[in-house]
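Novice: Dropping the sequence and predicted coords here.
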Amino acid sequence: MKLLLVVSALLAASACFIYRPVPSGVSEPWKLMLLDACTRFMRTLGTVGHWLGLGSLVNTVSSRMMMADARSDADVTVVDTTLGGLPTRVFVAKSGEKLKRGVLYFHGGGWAYGSWKFYDSLLRRAAKDLDAVVMSVDYRLYPEAVFPAQYNDALAAARAFLSPQVLEDYSMDPGRLGVSGDSAGGNLAAAVALETGSDNSLSVKFKVQALIYPVLQALDFNTPSYVQNQNDCILSRPKMVQFWLWYLGGDLSLKPVLIANNHSSVEEPAVTADIRSRVDWTSLLPARVTQNFQLVVKEKGTPGVVDKLPGLMDVRAAPLLAESSVLSRAPKAYVMTCEFDVLRDDGLMYVRRLQDAGVPVTSDYLKDGFHGCISLSSIFNLGQRSEDSYVHWLQQNL
Ligand SMILES: *[C@@H]1O[C@H](CO)[C@@H](O)[C@H](O)[C@H]1NC(C)=O
């Protein structure tokens with residue numbers, strides 16, 4: 001009986017699965033549609049499996065499918081170790097200079113999912129092409145950890161990475177070190193770049209920060225990109241708001257409040273005009289982007305949200321809220337943004353604010369790009385292109 005229910009539910013669902021429109025102008029739309037369908041199918045299969053009491057089987061199968069072992073090849077040695085007490089995979093280029101470039105990488109996944117295991121191709125390639133040591137850290141994730149735990153893990157890893165001992169152990173050039181990450185990992189990389197940039201006790205600093213569609217703020221969920229891409233299949237607005245609430249330890253009942261921008265109303269005393277100006281996309285974004293979108297600032301809103309969720313105003317969680325003087329001490333930056341991504345304007349605003357603070361920035365905007373593309377270089381030409389572009393910038397600037 002249970003099985004029959006499952007089968008008919010699956011059949012009905014599969015019809016709706018395949019066809020869900022993707023935005024026009026996006027790269028390789030049919031592949032994206034298929035990928036979306038597959039992802040949702042796997043998710044449903046997982047749910048159904050758990051429901052049937054096959055939870056551990058589902059977990060084993062999915063982790064086997066996802067995880068790559070530490071496998072060295074002709075060009076790169078791969079080892080699993082720890083950095084700052086955290087599990088870390090290290091990719092070391094085999095040939096070339098004695099002193100190597102170093103890259104510290106934080107993976108994406110909404111501070112809740114993901115692992116360096118998904119970035120094997122990108123990190124392996126970066127190590128090889130840059131003649132570098134690339135370290136990718138598995139920081140703690142939600143629900144085991146909430147803010148500031150993920151940030152603290154990332155910072156601990158960064159401090160260890162910059163330490164004389166680690167630099168020596170891996171023969172890394174102290175003058176050629178970078179911090180990087182994508183999505184929520186880009187958030188951690190940006191936050192770590194700000195903190196280490198302003199820390200005078202550090203004798204070695206990052207030369208560059210390379211941010212791939214980073215998450216940078218949680219005060220405005222009605223930026224043009226949040227509105228335009230609110231139903232995108234890879235990362236929708238409700239999903240991103242959920243990730244923020246998980247990360248900041250908030251109740252999911254606040255989701256509609258945040259989506260309405262009710263948490264940042266004019267009457268919310270903590271949100272001063274000064275803070276607001278740091279996320280004011282009407283002045284920070286070019287007209288090409290702002291078009292006819294309207295700034296959503298609520299007069300009344302829902303008071304007290306910021307008191308309940310202080311992380312909303314915390315620069316360690318939202319680097320876009322940093323003061324100019326703090327931004328000015330951050331390393332040279334690369335920021336990749338994608339047109340079809342709720343986070344596009346977080347990235348573009350950061351580009352502008354860093355530039356205004358005097359930091360050299362390369363804004364790498366992919367007009368047919370979508371969120372997550374760099375992790376999909378084996379499927380999408382776009383993924384390959386984004387990977388090329390990222391590695392090329394590091395070759396030129398690190
Ligand atoms: C947002 O705030 C307004 C004014 O206080 C209120 O009427 C509305 O219900 C709120 N919306 C949400 C989703 O909380």
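Specialist: The structure has been received and is ready for your questions.

Novice: Show me what counts as buried in stretch 85-96.
Specialist: By 16 or more other Cβ atoms under 10 Å, the buried positions in stretch 85-96 come out as 86, 88, 89, 90, 91, 92, 93. Heads up, the C-betas are built off the backbone N, CA and C, glycines and all.

Novice: Out of the residues you listed, which comes closest to the ligand?
Specialist: Taking Cβ to the nearest ligand atom as the measure, the ligand lies nearest residue 86 of the buried residues of stretch 85-96, at 38.0 Å.

Novice: ok, now which ones touch the closest residue to the closest one other than its chain neighbours?
Specialist: Among residues not flanking residue 86 along the chain, residue 137 sits closest, at 5.1 Å (Cβ to Cβ, 6 or more residues apart in numbering). Neighbouring residues of residue 137 by Cβ atoms under 8 Å, 6 or more residues apart in numbering: 83, 84, 86, 87, 88, 104, 105, 106, 116, 153, 154, 157.

Novice: tell me the phi and psi of the closest residue to the ligand within the stretch 51-200 of the chain?
Specialist: With Cβ to the nearest ligand atom as the measure, residue 110 is the residue of the stretch 51-200 of the chain nearest to the ligand, at 21.9 Å. The phi and psi values for residue 110, taken as degrees, to the nearest 10, are phi 60, psi 30.

Novice: Check the burial of it by counting its neighbours.
Specialist: Neighbours of residue 110 under the rule other Cβ atoms under 10 Å: 21.

Novice: Next up, the contacts around it.
Specialist: 142, 183, 184, 239, 240, 242, 243, 246, 247.

Novice: Against which helices or strands is the host helix or strand of residue 157 packed?
Specialist: In the assignment (DSSP states H and E), residue 157 maps to helix 149-161. Applying 3 or more Cβ pairs under 8 Å, 6 or more residues apart in numbering; DSSP states H and E, one finds that helix 149-161 contacts strand 76-83, strand 86-93, strand 100-106, strand 132-137, helix 184-197.

Novice: and residue 44, which of those is closest to it?
Specialist: helix 184-197 (24.3 Å; Cβ to Cβ).

Novice: Run the chain-centre distance for the closest one.
Specialist: On the basis of Cα atoms, centre = their mean, to the nearest Å, helix 184-197 sits 11 Å off its chain's mean C-alpha point.

Novice: got the angle between it and helix 149-161?
Specialist: Put simply, helix 184-197 runs at 50 degrees to helix 149-161, going by axes from the mean of the first three to the mean of the last three Cα atoms, to 10 degrees.

Novice: Following the chain onward from helix 184-197, which element is next?
Specialist: Beyond helix 184-197 on the C-terminal side, the first helix or strand identified by DSSP H and E is strand 208-212.

Novice: Each with direction, which strands does that next one pair with?
Specialist: Here strand 208-212 has these sheet partners by DSSP bridges: strand 172-182 (parallel), strand 332-340 (parallel).

Novice: okay, the shortest one in CSV with CA atoms only?
Specialist: Taking only C-alpha atoms (Å, rounded to 0.1, in the frame of the first residue of the first chain), the coordinates of strand 332-340 have been written out as CSV:
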residue,chain,number,x,y,z
LYS,A,332,43.0,43.5,-3.7
ALA,A,333,39.8,41.8,-4.8
TYR,A,334,38.2,39.7,-7.6
VAL,A,335,34.4,39.5,-7.4
MET,A,336,32.5,37.2,-9.8
THR,A,337,28.8,37.8,-10.2
CYS,A,338,26.1,36.2,-12.3
GLU,A,339,23.1,37.8,-13.9
PHE,A,340,20.8,35.0,-12.9
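
Novice: Much appreciated, bye for now.
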